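Participant: Sequence and computational prediction follow.
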Amino acid sequence: MPFRELTDEDWEHVRNVVLDGALYLTRALIGPMVENKYGNILFFVGDGAYSGRGSGRAHLSAAKMALVGLARGLASEFAPHNIRVNVVSPGSIDTRRDNPEWYQGRVPSATGIPLGRQGHVDEIAATCLFLVSDDGGFITGQTIHVNGGAGHH
């Protein structure tokens, strides 16, 4: 793929979606959570952000890693209020692909996944439910990788 210069518009768009959206939503919800002395916040960061693979994606990886930092900072700051903040990081998940252009010619597959298959949406949902349940009550500031062992972070 030929080099394409990252524009200010590219950076602003990614930052607005990934970081600003998470920050504004958190600001809207954190007050009532503090009042109630209870809350759970989950952010999602695909495993691709950790690998940094693929050209023209550095700004996306940077913004998503900043989201992980935001989660850790919020977890530390709001733990005394019984508010837990975690990140779920899905790997390759077997879903319908209506927009194959998003994958830049790389059809998602189980290649490189030690479990030998893509994940299922129910497995992501189960992870989220665990994290917001009482069973996950002592987990905060963590990133849970649901990727079939594809990356050890």
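Facilitator: That came in fine, so what should we check first?
Participant: From now on I want contacts and neighbour counts done on CA atoms only, so please keep to that.
Facilitator: Will do.
Participant: Flag the shaky bits of the chain, pLDDT-wise.
Facilitator: Scanning the chain for pLDDT under 70 picks out 1-4, 52-54, 97-107, 152-153.
Participant: helices and strands around the longest helix anywhere in it, which ones?
Facilitator: Taking DSSP state H as the criterion, the chain has its longest helix at helix 58-78. Helix 58-78 is packed against helix 8-15, strand 39-44, helix 48-51, strand 83-90, with contacts defined by 3 or more C-alpha pairs under 8 Å, 6 or more residues apart in numbering; DSSP states H and E.
Participant: quick one: buried residues of that helix?
Facilitator: Burial within helix 58-78, assessed by neighbour count using 16 or more other C-alpha atoms under 10 Å, is assigned to 59-65, 67-68, 70-72, 74-75, 78.
Participant: got a list of what the residue nearest in space to the middle of the chain touches?
Facilitator: Residue closest to the average C-alpha location in the chain (C-alpha atoms, centre = their mean): residue 45, at 1.7 Å. By C-alpha atoms under 8 Å, 6 or more residues apart in numbering, the residues touching residue 45 are 64, 65, 67, 68, 87, 88, 89, 90.
Participant: mind listing what residue 82 touches?
Facilitator: Residue 82 neighbours (C-alpha under 8 Å, 6+ apart): 37, 38, 39.
Participant: re the thing from before, let me know which of the helices and strands packed on helix 58-78 is tucked in deepest.
Facilitator: Highest mean neighbour count among the helices and strands packed on helix 58-78 (mean count of other C-alpha atoms under 10 Å): strand 83-90, with a mean of 24.
Participant: just checking, what packs against that one?
Facilitator: Identification of packing neighbours for strand 83-90 by 3+ C-alpha pairs under 8 Å, 6+ apart yields strand 39-44, helix 58-78, helix 121-132, strand 143-146.
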